[in-house]
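Undergrad: Predicted model and sequence follow; I will ask about them next.
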Amino acid sequence: AAAPAPSMATMAAASTAPPGLRPVLGDLRNSALAAQVEESVLLQMASAARVRRYYPGVRVMSTGWEGYSMYLVRKGRLAIKVNGVVKREVLEGQCFGEVALAVSRIIRDQGVLEQLAASVGSESGEAAAAAAEVTFKELIKRTADVECVEEALLMEWTLDALAPILDSSPRMELNLQRMGLQRLREAVENGSQHGRRVLELLSNIHPLLLTGIFHGVEFSKIVKVSSILAAKSIHCPAGMQVVWQGDYGDSMYVVVEGLFSCRVQGREVQQFGPGQFFGEVGLCARLSNPNLPDLPKPNHAEAAAAAAGRVAASATVNRLGNS
């Protein structure tokens, strides 16, 4: 079958990209990381990438290394090994190393690190902060060896280079999270105890800590608030409407997995991906704290699960507050 014709947005991006970036942009566009991501974001991605070349027999990463970058294969072939056994190969257009970056994004707030440190028996204060750093380094360790089989040309993104791009693109954040967690589950299936421990720790994180709203808050207060606010898990099929424009809100929602569309008068104004939240305006308006600024009572946001393309058929949203 003939390949589909490129969209106008795709052709426009290709024509405006610097000549040196056009091949990189083309390779990136076909990757799972870039699925349904805006062309302007892909151009930023292509600009932020570093090109690496590896030769047969050279190891790109080893089990236990701390991971601060991920890779996309432009040319060549690499082998993923666990305990010396080849588990799969990485071919052109495929990514690897995404586990460490996905985990880093989930636990990027200090409050999350402190909660994880506490969960493994650390104390609060300076001891918790020190333990959190150890926990972070433990969580981002590589779960497999990656060795070059055929001469390979790779695109590399560090966490620092990728972070501002992910902050601006909920869709890419979702893609990265799904890819990373899928690889983490595969590592567990291959017998990785480290991968199993990471999944267990991540499953115990309070949803509010994923949002960053506790940044700078004392750990003791984080523990107190987390213990008071119970989170109710809501399963949202694609297309399910969660908030209606004009309704009086009494709940705040945190996106744990999936992608949501916020529409005003039928027009999409924003998307919400993992770690982002909505409904807080209506919830705050019902609080009686006199120090809070006056907020409009109606929660003017209509959120519906995005239902196009690669978005999974369902998303999980944690509902907080009155139910």
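TA: Cool, the structure landed. Residues are numbered from 1 along each chain as shown.

Undergrad: can you list the weak-confidence ranges in this protein?
TA: 1-21, 108-134, 215, 219, 230, 248-249, 281-323 (pLDDT under 70).

Undergrad: Can you show me the helices along it?
TA: 8-16, 22-29, 39-48, 98-106, 110-119, 126-139, 159-168, 170-189, 193-203, 219-228, 280-285 (DSSP state H).

Undergrad: How about the contacts made by the nearest residue to residue 44 once chain neighbours are set aside?
TA: Excluding the flanking residues, the one nearest residue 44 by CB to CB, 6 or more residues apart in numbering is residue 165, at 5.2 Å. From N, CA and C alone the C-beta is placed, and that goes for glycine too. Each residue near residue 165 by CB atoms under 8 Å, 6 or more residues apart in numbering is listed here: 41, 44, 45, 48, 172.

Undergrad: Check whether the last one really touches residue 164, as I assumed.
TA: By that I understand residue 172. No: with contact defined as CB atoms under 8 Å, residue 172 does not reach residue 164; the gap is 11.4 Å.

Undergrad: These two: who's more crowded?
TA: residue 172 (24 against 11; other CB atoms under 10 Å).

Undergrad: What distance do you get for that one to residue 200?
TA: Between residue 172 and residue 200 the distance is 27 Å, computed by CB to CB, to the nearest Å.

Undergrad: Same question for residue 174.
TA: Counting by CB to CB, the gap from residue 174 to residue 200 is 23 Å.

Undergrad: quick one: which of those two has more around it?
TA: residue 174 (28 against 11).

Undergrad: re the thing from before, to residue 265, which of the helices of the chain lies closest?
TA: Residue 265 sits nearest to helix 280-285 of all these, at 16.8 Å, using CB to CB.

Undergrad: Residue 82 touches residue 188, doesn't it?
TA: No: distance between residue 82 and residue 188: 11.0 Å, which falls outside the contact criterion (CB under 8 Å).

Undergrad: Now do the contacts for residue 208.
TA: Per CB under 8 Å, 6+ apart, neighbours of residue 208: 214, 225, 226, 229, 231, 254, 320.

Undergrad: Identify, from those, the entry nearest to residue 181.
TA: Nearest member of these to residue 181, counting by CB to CB, is residue 254, at 16.8 Å.

Undergrad: State the number of residues packed around the closest one.
TA: Residue 254: 25 neighbours (other CB under 10 Å).

Undergrad: Over to residue 45?
TA: Residue 45 has 27 nearby residues by other CB under 10 Å.
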